[in-house]
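Chemist: coords please:
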Amino acid sequence: MSMSHLLGLLRVHIHRGVNLAIRDLRSSDPYVIIRMGKQKLKTRVVKKNLNPVWDEDLTLSIVEPIHVKLEVYDRDLFSADDRMGDAEFDFTPFLDAVKMRFDDIPNNTIITTVKPTRTNCLAEESYITWTDGRVVQNMVLRLRNVECGELEIKLSWIDVPGCRGM
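Modeler: Numbers count the residues shown, from 1 in each chain. So this is what the prediction gives:
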């Protein structure tokens, strides 16, 4: 990947899981894998918890705005890890807000509201805001292909010096 094509870095803060599915006897040992193109990142495992708090930042190099997929798994020592659902999100509205290059607007101003639809995984409205001098987007994603569970995440943008940028 040549640096000239890098737009910047997307920081995905994996905050927590809510009401995740049981995959062991009474609980699960969940972790999250995030995939975009050939990039794959992973959180740590939180043992025996259906409402895990990871509070981890995973950073993706962005060349083009393609969908990001999140997969939740239950860690098993003696067999293949069990799937606990997946979700994906489109960060095009977020990138559009980053491109606006705000600098003098009040803190916590809502720039854009992204509504849940049949084609996205949002569990509720997602707000793209100007917070502490940067564009951020909080999302609650409903997991698919599983009986229950949501992930709470937050997006923020990191400009890379010397990149073409946006």
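Chemist: when you work out contacts or count neighbours from here on, use the C-alpha atoms and nothing else.
Modeler: Will do.
Chemist: now do the same end-to-end measure for stretch 72-82.
Modeler: End-to-end distance of stretch 72-82 (Cα to Cα, to the nearest Å): 9 Å.
Chemist: from the contact counts, what lies against the helix or strand bottoming out on mean pLDDT in the chain?
Modeler: The least trusted helix or strand in the chain, going by mean pLDDT, DSSP states H and E, turns out to be helix 92-99, with a mean of 93. Other elements packing on helix 92-99 under the criterion 3 or more Cα pairs under 8 Å, 6 or more residues apart in numbering; DSSP states H and E are strand 109-114, strand 134-142.
Chemist: contacts for it, please.
Modeler: Outside helix 92-99, the residues that touch it by Cα atoms under 8 Å, 6 or more residues apart in numbering are 65, 111-112, 114, 128, 135-137, 157, 166.
Chemist: stretch 12-25 too?
Modeler: Residues from elsewhere that reach stretch 12-25 (Cα under 8 Å, 6+ apart): 27-28, 50-60, 74, 82, 84, 146-156.
Chemist: and the end-to-end length of it?
Modeler: Start-to-end, stretch 12-25 (Cα to Cα) is 31 Å.
Chemist: one more: stretch 91-104?
Modeler: Taking Cα to Cα, stretch 91-104 runs 23 Å from one end to the other.
Chemist: and for stretch 114-130?
Modeler: Start-to-end span of stretch 114-130 (Cα to Cα) is 15 Å.
Chemist: which positions within that stretch qualify as buried?
Modeler: Under the neighbour-count criterion of 16 or more other Cα atoms under 10 Å, stretch 114-130 has 114, 121-123, 126-130 buried.
Chemist: out of these, which comes closest to Ile105?
Modeler: For the buried residues of stretch 114-130, the residue nearest Ile105 by Cα to Cα is Trp130; the value is 7.6 Å.
Chemist: that closest one: what's it in contact with?
Modeler: When contacts are counted by Cα under 8 Å, 6+ apart, Trp130 touches 102, 105-111, 136.
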